[in-house]
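Asker: no sequence on hand, only this structure:
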């Protein structure tokens with residue numbers, strides 16, 4: 001199905017190209033057909049077709065090949081009927097961005113999948129909508145890429161914007177804030193820029209780490225922050241790390257970020273990964289067997305973007321080949337998983353330890369401290385520490401919610417025992433061999 005392949009290729013191109021290049025040259029294209037490993041795309045003019053051929057063809061071929069799962073070609077045709085509708089449709093979108101910068105309405109609280117790793121951030125975002133400026137101001141949401149921070153920010157902006165006049169809510173990235181400021185400086189319209197951002201009711205800003213090493217932009221943002229905060233207007237910020245870990249950001253600004261609620265969005269646990277797989281597959285109209293759902297949750301769900309890309313490729317592969325979605329097709333379509341390339345996961349390590357010692361996973365995570373369970377539990381913690389970069393607190397959480405100090409004690413206990421217990425050393429060697437297989 002050409003549309004499915006093109007959607008995935010567009011997702012890849014959006015991450016690769018500058019926004020202005022993507023919006024100008026890629027967004028207007030339409031997928032016409034897919035045949036003999038060739039995707040035919042329609043451009044709105046001969047000029048656009050020729051420009052794409054000379055400047056973007058390698059990127060197009062690469063993105064389509066990756067989206068389809070095999071080497072593919074791209075053919076560009078002209079369809080002048082696209083010209084007027086494409087431009088007409090793009091104009092309101094750009095106006096909406098300038099007026100409020102609101103993200104697509106598909107990002108709502110209703111379709112946000114909640115689990116233990118994001119529950120605090122989700123609850124705080126809902127509280128901000130219920131009482132803007134009164135609770136959790138600023139709300140600072142942080143975590144690595146692809147965990148739903150942008151989704152939450154967009155949901156906050158969308159809900160608040162429906163209750164307020166146009167322009168009262170500004171939702172944008174830090175990069176766009178900087179670009180607007182530069183444009184205002186060049187046009188000598190900084191007064192207008194300041195009135196715009198300091199006269200709003202809510203500021204929702206994503207990827208604040210983009211301000212790193214931009215001293216002038218940080219100063220301007222700090223003044224905007226102060227003006228809004230002092231008048232009890234809501235500020236919501238997202239970043240890839242906590243305020244005190246932001247490099248290149250001035251100390252005073254970092255203290256401002258940390259003055260409200262810090263909500264850490266962590267990588268999804270097993271239950272949330274499974275829920276994400278089922279929700280995203282349902283959205284694409286893909287029916288998964290329990291075996292396939294479990295595989296995707298374990299191997300392809302470190303973050304939501306990775307999962308969405310995997311499901312899109314699976315759907316395309318199945319529709320193009322006329323086969324049902326089973327585990328063999330999924331592995332064929334996706335190739336080696338990121339987990340396989342990165343090494344064993346915490347869940348896999350726990351599973352191998354359970355199998356070796358013939359204990360149930362629930363027992364290992366349970367409260368009992370008998371010798372039959374203590375050794376495999378401690379060994380699982382030890383191997384997780386040795387074979388992953390997962391923090392000790394998360395290792396403990398995966399094994400029954402045990403805290404950081406419990407994991408530290410377990411590591412010491414195993415290291416001391418390894419010095420004198422040949423049976424334990426043999427078990428460690430065997431488990432390492434399995435994990436490396």
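Answerer: Received, thanks. Bear in mind the structure is a predicted one, so any value in this text is a computation, not a measurement.
Asker: what's the strand or helix carrying residue 278 in contact with?
Answerer: For residue 278, the element it lies in under DSSP states H and E is helix 270-284. Applying CB atoms under 8 Å, 6 or more residues apart in numbering, the external contacts of helix 270-284 come out as 111, 113-118, 268, 287-288, 293-294, 296-298, 301, 304, 307-308, 311-312, 315, 347. All C-beta spots, glycine's among them, are computed from the backbone N, C-alpha and C.
Asker: next one: stretch 316-333
Answerer: Stretch 316-333 is touched from outside by 1, 4-5, 8, 34, 67-69, 286-289, 291-292, 295-296, 313-315, with contacts defined as CB under 8 Å, 6+ apart.
Asker: which among these end up buried?
Answerer: Neighbour-count burial (16 or more other CB atoms under 10 Å) applied to those gives 4-5, 8, 34, 67-69, 286, 288, 292, 295-296, 313-315.
Asker: looking at these, spot the one nearest residue 422.
Answerer: Of all those, residue 422 sits closest to residue 295, with 36.4 Å by CB to CB.
Asker: would you mind measuring from that closest one to residue 337?
Answerer: Look at residue 295 and residue 337: by CB to CB, to the nearest Å, they are 8 Å apart.
Asker: repeat that for residue 33.
Answerer: Computed as CB to CB, the residue 33 to residue 337 distance reads 31 Å.
Asker: which of those two has more residues huddled nearby?
Answerer: residue 337 (20 against 13; other CB atoms under 10 Å).
Asker: okay, the closest residue to the more buried one other than its chain neighbours and residue 322: tell me how far apart.
Answerer: Leaving aside its sequence neighbours, residue 337 sits nearest to residue 299 (CB to CB, 6 or more residues apart in numbering; 3.7 Å). From residue 299 across to residue 322, the span is 25 Å (CB to CB).
Asker: for residue 267, same thing?
Answerer: Computed as CB to CB, the residue 267 to residue 322 distance reads 36 Å.
Asker: repeat for residue 16
Answerer: Counting by CB to CB, the gap from residue 16 to residue 322 is 31 Å.
Asker: re earlier: between which two of the buried ones among the contacts of stretch 316-333 is the distance greatest?
Answerer: Pairwise distances across the buried ones among the contacts of stretch 316-333 peak at 26.6 Å for 34 and 295 (criterion: CB to CB).
Asker: what bits of this structure have low per-residue confidence?
Answerer: 1-3, 80-105, 166, 339-342, 436-437 (pLDDT under 70).
Asker: which parts of it are strands?
Answerer: For the chain, the strands defined by DSSP state E occupy 30-35, 38-43, 73-78, 139-142, 169-173, 202-206, 234-239, 261-264.
Asker: residue 364: which of these is closest?
Answerer: Ranking the strands of the chain by proximity to residue 364 (CB to CB) places strand 261-264 first, at 25.8 Å.
Asker: many thanks, have a good one.
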